[in-house]
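# The sequence and its predicted three-dimensional model are supplied below.
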Amino acid sequence: MIELHYGELAARVAALTAGEDDPVALMATVACEVHHADDRFDWTGFYRVVAPDLLKIGPYQGGHGCLTIPFSRGVCGAAARTREVQIVPDVEAFPGHIACAASTRSEIVLPVLDAQGELIAVFDVDSDRPDAFGEADAEGLARILRETFAR
Ligand code: SME
């Protein structure tokens, strides 16, 4: 597997989204480019904040994703509640994990903030491999989300 170079991925996303400010277009581009950048990623997408304490699916790549997630549930809800990155090496060990696919073994979910620091979504990447995500992924993905949505 080619080692994912987040600097190159960030530059590609920046070039593709230059001058764009529509959130759906930005989310669709980020989901597509991140998903196809690494074969560890088998579900990549956004859950948008649509009401206080409620997330609703946004642009994604991969199999069907559940449509709504309250902040009280799942890894996505934990990222929304805490505004902290959630790295889950074993989804079976995460209390309340929501399994959209039986193949998911590990997951990373990051909060997505806008330029005013408001939570607008969470970004969810699933893998069919155990313990697939680490700090380098958290930093690289957080950089892409910051440069795309908080600019
Ligand atoms: N696993 C997530 C739900 C989203 S599906 O994986 C796409 C969670 O536990 O919040």
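Everything's here; your move. Note that the coordinates shown come from a computational prediction; the quantities given were computed from them, not determined experimentally.
# Without its sequence neighbours, what residue ends up closest to the closest residue to the ligand within the chain?
The ligand sits closest to Gly74 of the chain, with a gap of 2.5 Å, by CB to the nearest ligand atom. In this view, the C-beta of every residue, glycine as well, is placed from N, C-alpha and C. Nearest non-adjacent residue to Gly74, counting by CB to CB, 6 or more residues apart in numbering: Ile98, 3.9 Å away.
# In three-state terms, label the one you found for me.
Taken by DSSP: H, G, I helix; E, B strand; the rest coil, the conformation at Ile98 corresponds to coil.
# that older thread, for burial, what's the neighbour tally of the residue of the chain closest to the ligand?
Close neighbours of Gly74, defined as other CB atoms under 10 Å, add up to 27.
# didn't it look like it was pressed against Ala99?
No - applying CB atoms under 8 Å as the test, Gly74 and Ala99 come out as separate, 9.3 Å apart.
# where does this structure have low pLDDT?
For the chain, the stretches flagged by pLDDT under 70 are 1-4.
# Those residues of this protein touching the ligand, which are they?
Neighbours of the ligand within the chain, by CB under 6 Å from any ligand atom: 43, 65-66, 69, 74-76, 97-98, 100, 104, 107, 124, 126.
# Filter those down to just the ones in helices.
74-76 (DSSP state H).
# Show the contacting residues for the residue nearest to Gly74.
By CB atoms under 8 Å, 6 or more residues apart in numbering, the contact list for Ile98 reads 66, 69, 73-76.
# What of Pro23?
Applying CB under 8 Å, 6+ apart, we find Pro23 in contact with 48, 120, 149.
# any idea which helix or strand carries the second one?
Same thing as Ile120. Assessed by DSSP states H and E, Ile120 sits inside strand 119-127.
# after that strand, next one along is what?
Downstream of strand 119-127, the first helix or strand assigned by DSSP H and E is helix 135-149.
# Quick test: name the residue nearest the centre of the protein.
With distances taken as CA atoms, centre = their mean, Phe123 lies nearest the centre of the chain, 2.1 Å away.
# what is it paired to in the beta sheet?
In this entry, Phe123 is beta-bridged to Phe46, Leu110, by DSSP bridges.
# The residue located most distally from the centre of the chain: which element?
Distance from the centre of the chain peaks at Gly19, with 22.1 Å (CA atoms, centre = their mean). Using DSSP H and E, Gly19 maps to neither a helix nor a strand.
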